[in-house]
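Asks: take this sequence and fold it.
(3 chains)
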Amino acid sequence: MSKVKFKFDGKKYKGHKGDTLATALLRNGIVHFTDSAYRDRPRGIIGLGHEEANALVQVVSGAGEPMYPATVLPITDGLVARSLSGVGDLADTRDKSRYDKKYRHVDVVVVGAGTAGLKAAGEQARAGKDVVICDEQDRPGGHLVHLGQDIPADLLAVLDMPNVTYLPRTIVHGLYDQGYSVASERRTDHLDSEVHKKKARMRTWHFRAERTILATGAYQRHLVFANNDLPGIMLSHAAATYVARDGVDVFKTAVVVTVDNQGYRDAVRLHNAGVEVLAIADCRQSASGPSVEAAKALGITIMNGKTAVDAELKPKKKTVKCVEIGNLDGTETTCIDTDLVAVSGGWTPTVHLGTYIGVKPKWNSLLACFDYHDLENKWVSAVGMVAGDFGGDDSPAIFFGPQQSDAQAPDAFVDFQRDATLRDVRRAVKAGMQSIEHVKRYTAIGTAHDQGKTSGTITMGLIGAALGKQPDEIGSLTFRSPFVPVPFASLAGRERGKLADPVRRTPIHALHESAGAPMEDVGQWKRPWFFPKGKEDLHAAVLRECAAVRDGVGVMDASTLGKIDIQGPDAAEFLDRVYTNMFSSLKVGQSRYGFMCGVDGMVFDDGVTTRLAENHFLMTTTTGGAAKVLDWLEEWLYTEWPDLKVYCTSVTEHISTVAIVGPKSRNLIAKLAPGLDASNEAFGFMENKYADVAGIPARIARISFSGELAYEINVEAWYGAHIWEAVMREGKEFGIAPYGTETMHVLRAEKGYVILGQDTDGTQTPMDVGMDWIVSKKKDFIGKRSFTRSDTARAGRHQLVGFMPIDGQEVIPEGAYVVEASNAGQKPPVKHVGYVTSSYMSAALGRSFAMGMLANGQARHGEEVAIPLRGKVIMAKVTEPLFFDKENTRRDG
Amino acid sequence: MLHIPCPWCGPRDETEFHYGHEAGVEYPQERELISDEQWGKYVFFRANPKGWHAERWVHSAGCRRWFNVWRNTITHEFGPTYKPFEPQPKKPA
Amino acid sequence: MTVKVLKGAKSPLNGATWGKQGDPIWMYEVPFTPMWDLRVDPNSSAFSAVNAALGLTLPTTVGKVARVNASCMGQPEYEKDQKGIIALCLGPDQWLLTGTADASELLEHVRAIHHISLVDISAQRTKLEVSGPKSVEVLEHVWEQDLRKKNFGIDSCSQGIMFRTPVIMWYCCTDCYILFVRSSFAEHLWAALTDATVEYL
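Replies: You can find the predicted model right below:
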């Protein structure tokens, strides 16, 4: 047996290859493992797997792990772990491990590769189904692995079938609707103490199966008696496995306390492995079966109608010294000195996954547990122990051990991790709680790391005992995923860091990056925020960019705007119905700005739509609204107006748009497109022309979002970067300045143009934002009827206005509330009458300005209002929301 | 993660869909003639049953079509799915 | 002709490649692939006119692909064939057309008479080819949909979400999958795909 070196709580140890940390520590004589989180009581290993409630460690080596049961942590050379009393620490360094995901559609997922799971998988596979078998252990066999027994060859054969995928070291931790399950595979985790570069540490599997077969087995429960938490008191199946299979020889003597025949099986295993079994205390008056006969044949003392009542600690070693055995009512006790108290409180079938989707387990009174016997469900079936098939020689189990007096109850533990006791349960019931869900919340039982794997059923029994009811009258077990704790990183897979969320890039993105522009997130898009020169900050860059546009020419990447190709004989009629303004009157080659409202009459998107041909339009939407608008258009087409002959196609990314803006843009476009007559007479505002720009066929639109003369150059997206470079090159002589979203926002705000979603929030009509002119009186459109609703039509609604700070150097923070000037100095609460939605310092105005909503605002121009901020008040004058070039003299150049 | 039966593509993951609203809510034809209350009912009021609910979804990341489907709001089961203008199948038992 | 590519054209991934033929997995961008979005009512007279003009029968089952004169795009004879048409049925009245032939030319006279929509969307997406014996293994990392051959055999296509990115996938020939990815997402998807190959290369 090769030796593995590891460190635990700062000390060096050796173990056997293949040992779990729990086995290795027991091998090294560590029975007292840690002290409990809340009551500081000495605790030892109690279990064998994920049910472990005491022996939790922080893994320090390798990828690390803040909280992990020692019972399922394999030791590897270089492993460093420390025991936990309570919670572990999150790592303060980046986890360099890889994590990934896989999606697999499959006919059948079998959870558990024990004998029942292998048998079920074989049946399914031989019937021609694709089968995935997930199993938490590193080899098949389930319970047989614990027993150290070989698996029958005919069962193992299924693993070699071509339509079967066997995933060892893989725990299914979630089961959801329509056959969806999620599993976590430890790929390189715990194989060694390294961080692997190419292979994932853990893989999260996402299965979609026609049927999920639960072959999840069962966990053993403990017994509730005074001082039942002392180190050396263990679940009998765990104790027998450590001793008989692993050769742990730390225990010389044992007392077995049981409610079922499992205790006898484990007593026999302990005895055969050389432990002196002093007695079996069976709370049943009589029991029969092969295991009982076997124990009798070995001469083990059997005490019927007896159970453990109390236990005592060896003060120095902090392990159990003796166990007090007595009648179920706690009388006639005798003390037996022993190293090990092996308790068998019955089996709890692992029904967790089924309960995640609301499949209720049923009480099985013969086995004293909740299980899935006779389960009928479209998506899930159960086999083996979880279905109540224990396959053993069991005489019926009974549910409980001793009656504990109130004096004993404070130290009779139900949930070890929460240090919750019988007294806590009794107190909850006395406080009026009867449901398991209430008691759980009152006592915190089942809310720790182990999620009540051992304590859940016990608690229901104890509530029942307190109320004089059967466990199934208390309710049903309900658990929540994940079945075992899983690292968040493993759920994220490779969607971490740069791959966390898609980044959408325009065709010109690389040029913006090399120009040093910081990017702003607009939905998933990255848009250049500003283009700093030298060491300029945002403020300085934006003032310079704004001035450059107003005085010369600037260039902006407008490729992110949503674009929808709309064509068909009824396209114009369709647009008339979805926009508040008229589009059927638009001439071919012209563009028009439009507003769309929801049926509630509130503005929800805007944009410019161009008539490319009689029956062919190109709509632009807001950057963030593209997908939503296309869904909206198609919903009306497909569900309300199927008679309209119209097709909509997204072309957002097919077209790249470069806007050149400013008084010198005409000179620049003339230079870029020599074939174009760019004069105001030949190429008017809102017109479109086709010309080659830098050798590329382009549609040029005279559209302005700044009030300046401006041209938008639209080309196939492959040429976006080429056009940008040409504009920068040819624009040099005009002092061209690239600008980003921030300058765009300032320029449009100076003209009072709203940005939907910034200046509006889905509660404004076109009239509220002062756009009465965009609402057609001649036609019906979506939302029109709502304009005459009493609330929409009432006077005094919040309306868009300008706010001019009296002190032109003060920039009001966006989002600030507006109050009446007379309330300026008032302490809160103060009634607010509006709020600021856009606020900037303006180069063109030489001062700050803002826009926002104000109750009855359109009637209050000229009045003064107050914007109270922490520590100061900004006074501002209410104006119309138009600040620059009020006569629109600049747009024609 | 629901598996939603698209009538054209078959069952697909929920992430490919957007929820619209209750199915079968009629857009009033004589909008200017009906009362504010009737209009308000259309705009703002939707059923929110415990149990079977007829819903309108769009398979936005797939075939991009709108369709209707019965869904049980308690069990998350899906009932029959139907295309726009197809008669509504009976509410599942 | 394939598609007229002028000086200055740049594809979203600049013709990126990853791995090489014969590796367990190899991938590359096929830049400047012509693509059209075709809309026509399959129950209209326009439908047969479209079929006649294209020289194939458009599949009316969503998720099916029809092709004429079009071998696998990865094969050397592909470029030689100038009349290839591949039609992916994306919706009940929607097809993605691609291939070496000029669909707009073929359908010009149909458009003049019938209500159909044919939109050039060549730059809306870019085309990636994912090939090799490990292609399914790699795609399983990023694609939620069923890849089993019994449900997604050769000449099946599907539109969906790949690594949170809108993608049209076409299973073109053995171990060879074609992805049409929205241009703005291409870099993100490429980064994810290349990362997903790391275990197999």
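Asks: quick one: the residue nearest to A:Asn823 when sequence neighbours are not counted from A:Ala850, how far?
Replies: Nearest-residue entry for A:Asn823: A:Val830, 4.9 Å, with adjacent residues in sequence omitted and distances by C-beta to C-beta, 6 or more residues apart in numbering or on different chains. To be clear about C-beta, it is placed using only N, CA and C from the backbone, and glycine gets the same treatment. According to C-beta to C-beta, to the nearest Å, A:Val830 and A:Ala850 sit 19 Å apart.
Asks: enumerate the residues of the stretch 651-800 of chain A near chain B.
Replies: Counting by C-beta under 8 Å from any C-beta of the partner chain, the stretch 651-800 of chain A comes close to chain B at A:Asp780, A:Lys784, A:Arg785, A:Ser786, A:Thr788, A:Arg789, A:Ser790.
Asks: thinking again about what came up before, what about the residue nearest to A:Asn823, how many residues nearby?
Replies: Neighbour count of A:Val830, defined by other C-beta atoms under 10 Å in any protein chain shown: 15.
Asks: could you do A:Phe803 as well?
Replies: Using other C-beta under 10 Å, A:Phe803 is surrounded by 29 other residues.
Asks: tell me which other helices or strands the helix or strand containing it touches.
Replies: Using DSSP states H and E, A:Phe803 maps to strand A:798-805. Counting contacts by 3 or more C-beta pairs under 8 Å, 6 or more residues apart in numbering or on different chains; DSSP states H and E, strand A:798-805 packs against strand A:832-842, strand A:847-855, strand A:872-879.
Asks: that one vs strand A:872-879, what angle?
Replies: If you take axes from the mean of the first three to the mean of the last three C-alpha atoms, to 10 degrees, strand A:798-805 sits at 120 degrees to strand A:872-879.
Asks: which element follows the worst-scoring helix or strand of chain C on mean pLDDT toward the C-terminus?
Replies: For chain C, counting by mean pLDDT, DSSP states H and E, helix C:77-80 ranks last in confidence among helices and strands (a mean of 55). Downstream of helix C:77-80, the next assigned helix or strand under DSSP H and E is strand C:85-91.
Asks: the residue located most distally from the centre of chain A is in what secondary structure piece?
Replies: Going by C-alpha atoms, centre = their mean, the residue of chain A most distant from its centre is A:Glu681, 58.0 Å out. Taking DSSP H and E as the definition, A:Glu681 sits outside all helices and strands.
Asks: per-residue confidence at it?
Replies: If you check A:Glu681, the pLDDT there is 96.
Asks: C:Leu201 too?
Replies: Note for C:Leu201: predicted pLDDT of 89.
Asks: got it, and C:Met73?
Replies: pLDDT at C:Met73 comes out at 55.
Asks: helix, strand or coil for A:Val715?
Replies: strand (DSSP: H, G, I helix; E, B strand; the rest coil).
Asks: I'd say it and A:Pro697 touch.
Replies: Yes - applying C-beta atoms under 8 Å, one finds A:Val715 in contact with A:Pro697, separated by 7.2 Å.
Asks: more neighbours: which of the two?
Replies: Legend: neighbour count by other C-beta under 10 Å for A:Val715 and A:Pro697, higher for A:Val715 (26 against 14).
Asks: how near is that one to A:Val522?
Replies: For A:Val715, the distance to A:Val522 - C-beta to C-beta - is 21 Å.
Asks: beta partners for the residue in chain C that chain B sits nearest to?
Replies: Closest residue of chain C to chain B, C-beta to the nearest C-beta: C:Gly91 (3.9 Å). C:Gly91 forms beta bridges with C:Gln94, as assigned by DSSP bridges.
Asks: against chain A, how distant is it?
Replies: 10 Å (C-beta to the nearest C-beta, to the nearest Å).
Asks: in terms of helix, strand or coil, where does the residue of chain B most remote from its centre fall?
Replies: Relative to the centre of chain B, the most outlying C-alpha is that of B:Leu33, 26.9 Å out, by C-alpha atoms, centre = their mean. Per three-state DSSP, the secondary structure class of B:Leu33 is coil.
Asks: count the residues that sit near C:Leu201.
Replies: 16.
Asks: which residues does it contact?
Replies: Going by C-beta atoms under 8 Å, 6 or more residues apart in numbering or on different chains, C:Leu201 touches C:Gly19, C:Asp23, C:Pro24, C:Ile25.
Asks: select only the buried ones of the residues you listed in PyMOL?
Replies: Per 16 or more other C-beta atoms under 10 Å in any protein chain shown, the buried members of the contacts of C:Leu201 correspond to this PyMOL selection:
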select buried, chain C and resi 19+23+25
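Asks: out of the contacts of C:Leu201, what pair is the most spread apart?
Replies: C:Gly19 and C:Pro24 (7.9 Å; C-beta to C-beta).
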